[in-house]
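> fold the following, please.
(4 chains)
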2 protein chains.
Amino acid sequence: MSSSTGTLRVAVLDRDGAFIKVLGNRLDAAGWQHRVLGGIVPVEELVAMKINALVLDMSVLPPEEAWPYLERVCGMLPGLGVIICTNESTVAQRVRGLRLGADDWVAKPCHPEEVMARIEAVVRRRRRRSSDGDERGPLVVGELEIRADQYQAFVAGRSADLTRREFELLQALADAQGSVIERGEVYRRVWGYEMAHGDRSVDVFIRKLRIKLEQLSPSWTYIHTHFGIGYRFDPEPLDPSASGAPASAPAAPAAEPALEPADA
Amino acid sequence: MSSSTGTLRVAVLDRDGAFIKVLGNRLDAAGWQHRVLGGIVPVEELVAMKINALVLDMSVLPPEEAWPYLERVCGMLPGLGVIICTNESTVAQRVRGLRLGADDWVAKPCHPEEVMARIEAVVRRRRRRSSDGDERGPLVVGELEIRADQYQAFVAGRSADLTRREFELLQALADAQGSVIERGEVYRRVWGYEMAHGDRSVDVFIRKLRIKLEQLSPSWTYIHTHFGIGYRFDPEPLDPSASGAPASAPAAPAAEPALEPADA
DNA sequence: CGGCCGTGTGAAAATCCGGTTACCAATCGG
DNA sequence: CCGATTGGTAACCGGATTTTCACACGGCCG
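Have a look, this model is predicted:
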């Protein structure tokens, strides 16, 4: 069955009073958070809303603005589910909208229940991590314990004292277990939209993360740099041989003859 | 960018001759691979088809089978895009289908172009979910293992330590399996724009690649030069007889079958 | 057989990229 | 409203990577 999609955050960009009202009631009944927008909202604001999906009536936008706006929204927020819900339309228009990045196109009049089902279907494919905690079990990697429910990482019960962003970055990296992730992709997953050219935020936060992780777990390396590409998360015990006094030897460093990191 | 969906593999489960025919033509025109199914196909077979999406007409299935089948398919293949395309339906049915895991529901009659746009939209989403690169299995050639998700090539778990360009070059060559590619073409694929006259970058990188590959896999040759034309990627085991003292370089090991069966 | 053109090679020169630090802006709590 | 904390930007540095050169080598053609 519908399997708890949990609580979703939806924005409705429309002016059709009756539709808004009816849909709003249903959304409330389902416990979804929603907000109605009366006209074009800058993409930055959409970002700030941290919504999972946007229901959009193309006809409320000025004709010349509509398509570019749709393109901009979809381009900047690849993780956002976009459902076009408009009165009448031609095949060509629908195709265009879908090609530009919309996920679904429904013709009005439509039943709110169906709109919701379609939102669910769209969001099901890629759930944005929003402010609600997930019931994901604690992930243990190396001597690190990542607790999504706490927005925090621990080692032996001691907190790494990560800020929200730092934690999300860690989680994004850890979720990709073993694979190299490009900067842009990291940014997209953590910040939720496209990274601007020349943005160094990821690097800076990687550094902050590394510092805190190293402070907490000095004998392990977690984040590996792949020059020219991005980062890879992979817990690796640091070889204690060179250092002066590795008080508590981590026993077996011969764990995995895995991949040799590029750095030295 | 949203485009370059590349070539998709689609299965159509329907019996509506006209629809199948028209849609099939469009799919062919777009270069998508497709296959028509006449009735219920076991999920295992769907798995084996390695399709990206399934277009399904619920009405061709026996009424009692339809819903359970849909549920089974969606449950077993969470990565498969499912587009229901059926004659008439009620809101309740559509909601049910979407809740069960379908990604879209289109009413017949519908324009094939729109169906394709919707398939694209669905697949586009699916791809993001499993993060890029994850889908592409590691390519094994000779004793080389090319892992797109690592931006790296391995032999027996050892990394070749390729830089980004080197890796992209390798991938470009390997993608052309067996065919000779002109310098200009190689350059275009890897660097992304037209090669300037007299540019030797490709040669230099070919050399770097050869060195690293030979270091890792001494008994194989991977990149072949075609004088006056370009390069060809083709794993070829080096003749072991001349190992110690290659008295007279027997340049031509005679036969050159296109694809030498790789070991393990 | 000799020369020309295309390719292999090695290394210097020019870029690019990531690490790091300092600093400014926004947000939060009191 | 102030101070503390967090997020984001700018700039500099050092090292990795890419590009450019100059020359050696080898096949191809007249």
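
> use CA for all of it now, contacts and neighbours both
Will do.

> around DNA strand C, pick out the residues from the stretch 51-200 of chain A.
For the stretch 51-200 of chain A, the residues in contact with DNA strand C (CA under 7 Å from any atom of the strand) are A:Arg200.

> can you pull out the helices in the stretch 51-200 of chain A?
A:63-76, A:91-100, A:112-125, A:164-175, A:183-191 (DSSP state H, counting those that start in this stretch).

> tell me which element A:His224 falls in.
In this structure, A:His224 is located in strand A:220-226 according to DSSP states H and E.

> got CSV for the helices of the stretch 51-200 of chain A, with mean pLDDT and distance to chain B too?
Below are these laid out as CSV (pLDDT from 0 to 100; distance: least, CA to the nearest CA, whole Å):
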stretch, mean pLDDT, distance to chain B
helix A:63-76, 92, 8
helix A:91-100, 97, 5
helix A:112-125, 94, 5
helix A:164-175, 95, 10
helix A:183-191, 93, 9
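
> winner for burial among these?
Mean neighbours per residue, mean count of other CA atoms under 10 Å in any protein chain shown, is largest over the helices of the stretch 51-200 of chain A for helix A:112-125, with a mean of 22.

> if I look at the closest residue in space to A:Met116 that isn't next to it in sequence, how far off is chain B?
Nearest residue to A:Met116, sequence neighbours excluded (CA to CA, 6 or more residues apart in numbering or on different chains): A:Leu27, at 7.8 Å. Distance, A:Leu27 to chain B, by CA to the nearest CA, to the nearest Å: 15 Å.

> circling back: reformat the helices of the stretch 51-200 of chain A as a markdown table; add distance to B:Val91.
Listed next are the helices of the stretch 51-200 of chain A as a markdown table, based on distance: least, CA to CA, whole Å:
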| stretch | distance to B:Val91 |
| --- | --- |
| helix A:63-76 | 27 |
| helix A:91-100 | 20 |
| helix A:112-125 | 6 |
| helix A:164-175 | 37 |
| helix A:183-191 | 34 |
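
> now those as JSON lines including distance to DNA strand D?
Output for the helices of the stretch 51-200 of chain A, formatted as JSON lines (distance: least, CA to the nearest atom of the strand, whole Å):
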{"stretch": "helix A:63-76", "distance to DNA strand D": "15"}
{"stretch": "helix A:91-100", "distance to DNA strand D": "26"}
{"stretch": "helix A:112-125", "distance to DNA strand D": "24"}
{"stretch": "helix A:164-175", "distance to DNA strand D": "4"}
{"stretch": "helix A:183-191", "distance to DNA strand D": "7"}
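
> can you give me the strands in the stretch 151-264 of chain A?
Assigned by DSSP state E, counting those that start in this stretch, the stretch 151-264 of chain A shows strands spanning A:152-155, A:158-159, A:180-182, A:220-226, A:230-237.

> tell me the angle the fourth one makes with helix A:164-175.
By that I understand strand A:220-226. Angular relation of strand A:220-226 and helix A:164-175 on a 0 to 180 degree scale: 80 degrees, by axes from the mean of the first three to the mean of the last three CA atoms, to 10 degrees.

> and the last one, by the same measure?
Using the same axes, to 10 degrees, one finds that strand A:230-237 and helix A:164-175 are set 80 degrees apart in direction.

> do the strand holding A:His224 and chain B come into contact?
No - interface with chain B: strand A:220-226 contributes nothing (CA under 8 Å from any CA of the partner chain), its closest point being 8.8 Å away.

> could you dump that strand to PDB, C-alpha only?
Only the C-alpha atoms of strand A:220-226 are listed here, as PDB (Å, rounded to 0.1, in the frame of the first residue of the first chain):
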ATOM      1  CA  TRP A 220      41.500   6.700  10.600                       C
ATOM      2  CA  THR A 221      41.100   8.500   7.300                       C
ATOM      3  CA  TYR A 222      37.600   8.800   6.000                       C
ATOM      4  CA  ILE A 223      37.500  11.300   3.100                       C
ATOM      5  CA  HIS A 224      39.800  10.700   0.100                       C
ATOM      6  CA  THR A 225      40.400  13.300  -2.600                       C
ATOM      7  CA  HIS A 226      40.300  12.300  -6.200                       C
END
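
> so what touches it?
For strand A:220-226, contacts defined as CA atoms under 8 Å, 6 or more residues apart in numbering or on different chains pick out A:142, A:180, A:210, A:213-214, A:231-238, A:261-263.

> pull up the pairing partners for it, direction included.
Partner strands for strand A:220-226, per DSSP bridges, with pairing direction: strand A:230-237 (antiparallel).

> the partner strand vs DNA strand C: in contact?
Yes - Strand A:230-237 comes into contact with DNA strand C (CA under 7 Å from any atom of the strand), by way of A:Gly230.

> so is that strand next to DNA strand D?
No - judged by CA under 7 Å from any atom of the strand, strand A:230-237 stays clear of DNA strand D, getting no closer than 11.7 Å.

> out of the helices of the stretch 51-200 of chain A, nearest to B:Asp203?
For B:Asp203, the closest of those is helix A:183-191, at 29.2 Å, according to CA to CA.

> show me what that closest one is packed against.
Counting contacts by 3 or more CA pairs under 8 Å, 6 or more residues apart in numbering or on different chains; DSSP states H and E, helix A:183-191 is packed against helix A:164-175, helix A:201-216.

> counting by contacts, list what the shortest one packs against.
So that's helix A:164-175. Counting by 3+ CA pairs under 8 Å, 6+ apart, the packing neighbours recorded for helix A:164-175 are helix A:183-191, helix A:201-216, strand A:230-237.

> and it with helix A:201-216, angle?
Using the same axes, to 10 degrees: helix A:164-175 against helix A:201-216 is 90 degrees.

> check what contacts helix A:164-175 and list those residues.
For helix A:164-175, contacts defined as CA under 8 Å, 6+ apart pick out A:146, A:151-153, A:181, A:186, A:189-190, A:205-206, A:208-209, A:231-234.
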